[in-house]
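# Using only what follows, build the 3D model:
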Amino acid sequence: MDPNGEIVEEAEEDNGFRRFDVVSDDSDHHYVKLNRTANSDADCFSNAASGVYSKIMQEWKVLEKNLPDSIFVRVYERRIDLLRAVIVGAAGTPYHDGLFAFDLAFPPDYPAHPPQVHYRSFGLRLNPNLYANGRVCLSLLNTWVGRKKEKWDPSQSTVLQVLVSLQGLVLNEKPYFNEPGHGVLPGRSLWEKNSMAYSETVFALSCKTMLFMLRKPPKNFEALIAAHFRDRALFILEACNAYTDGRVKVGYYRGDGSSSSSSSSSSTVHVSHTFKTSMQKVFPDLVHTFTRNGASLGNFVERVKQDRKKASSQIQDAVHKKQGIATKFISKLKMILGLKKSRKSNGVVGSTANNRTEIEG
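Next comes the predicted model:
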């Protein structure tokens, strides 16, 4: 039920978690101390007759009816100026299956100005638009330059547009190109190579974010986070394995060992040493944390061990084979050189003997 006494329709995903709901605990919200002063500006959030109050209620209704399946929102019955959203990283991006939390605060003159937005980064920067300190750069929020039609329009812009933009424009397939200037100059192959390397870093940081979200979930989203990672744990670990082995480009794993993009259809993909090292560190933590969270991994871990043991054995066999070929080549070379030396030596001896015969004669 919202502050107006109206029943909020229950929009749920498969795990039973409502996509939109009104809650009471705002204690860990980034902006909880904002708008707390007793003045006329703060009254607009408690006075049902104010234009700001009315506009925020309209936002609630838009969110309740139109949120996509992969975005979840909580608003607060005693603090209508605050809002929290958790966005699921989209398939086909290095953010896939990750959960990303954002805290929003409406200004006292809303919608004249856009809401403030803080990204719960856990100190990690996994996107050019999302800073480690939580700052979010987006034209729609007037925190980044952009064309007039891309910036906040008090007569048309909504919180739903902000959330969809964060998911589709910020947490996208190739976030490297979010950085101004990237991809502008000639040299497409170099830009793409840099983009792939950046996506590797992003995925590793996204995995670390998963761990932080499970260990310290934002309030009112504990059930969603636990259920999401129980359901997606095996897929995430399989993706980690596929990326590390170079079977699929980072971001494109689709669950059957193949790629979701025609651009990554090659049988093997170059994997940087840095990415392999990062995944070797985070993978055991993911397995441990997912298992503690109740994920059913079956014999996945054992299969990974066996596959890696087999791969290691194949590498050793290949090395031994190359060493054997090299040894044979060197032996043959020595034999040839030795034979030539022997012939040369015999020729010299024979010539000397003939000379002696001629002198004696």
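# Low-confidence ranges, the stretch 251-361 of the chain, go.
Scanning the stretch 251-361 of the chain for pLDDT under 70 picks out 256-267, 305-324, 326, 339-361.
# one more time with 90, if that's ok
Regions of the stretch 251-361 of the chain meeting the criterion pLDDT under 90 cover residues 255-268, 298-361.
# now do the stretch 51-200 of the chain
Filtered on pLDDT under 90, the stretch 51-200 of the chain yields the residue ranges 144-148, 180-181, 183-188.
# So which residues of it form helices?
Applying DSSP state H, counting those that start in this stretch to the stretch 51-200 of the chain gives helices spanning 51-66, 159-165, 188-215.
# so what secondary structure elements neighbour the last one?
This points to helix 188-215. With contacts taken as 3 or more Cβ pairs under 8 Å, 6 or more residues apart in numbering; DSSP states H and E, helix 188-215 sits against strand 99-105, helix 222-245, helix 273-292. In this view, the C-beta of every residue, glycine as well, is placed from N, C-alpha and C.
# which residues sit against stretch 96-103?
29-31, 82-90, 117-120, 136, 163, 166, 171, 206-207, 209-210, 213, 218, 221, 224-225, 228-229, 232, 235-236, 239, 251, 253 (Cβ atoms under 8 Å, 6 or more residues apart in numbering).
# For Leu337, which three-state class applies?
Under DSSP: H, G, I helix; E, B strand; the rest coil, the three-state class of Leu337 is helix.
# count of residues packed around it?
10 (other Cβ atoms under 10 Å).
# and if you look at Phe177?
So Phe177, with other Cβ under 10 Å, has 18 neighbours.
# Excluding residues flanking it in the chain, which one is nearest it?
Once flanking residues are discounted, Phe177 sits nearest to Gly183: 4.9 Å by Cβ to Cβ, 6 or more residues apart in numbering.
# Against Lys334, how distant is the one you found?
Shown here: Gly183 relative to Lys334, a distance of 55 Å by Cβ to Cβ, to the nearest Å.
# what do you get for His270?
In terms of Cβ to Cβ, His270 sits 38 Å off from Lys334.
# Which one of the helices and strands packed on helix 188-215 lies nearest to Val62?
Nearest of the helices and strands packed on helix 188-215 to Val62, taken as Cβ to Cβ: strand 99-105 at 13.9 Å.
# what about burial for the contacts of stretch 96-103, which qualify?
Using 16 or more other Cβ atoms under 10 Å as the burial test, these include 29-31, 82-90, 117-120, 136, 163, 166, 171, 206-207, 209-210, 213, 218, 221, 224-225, 228-229, 232, 236, 239, 251, 253 as buried.
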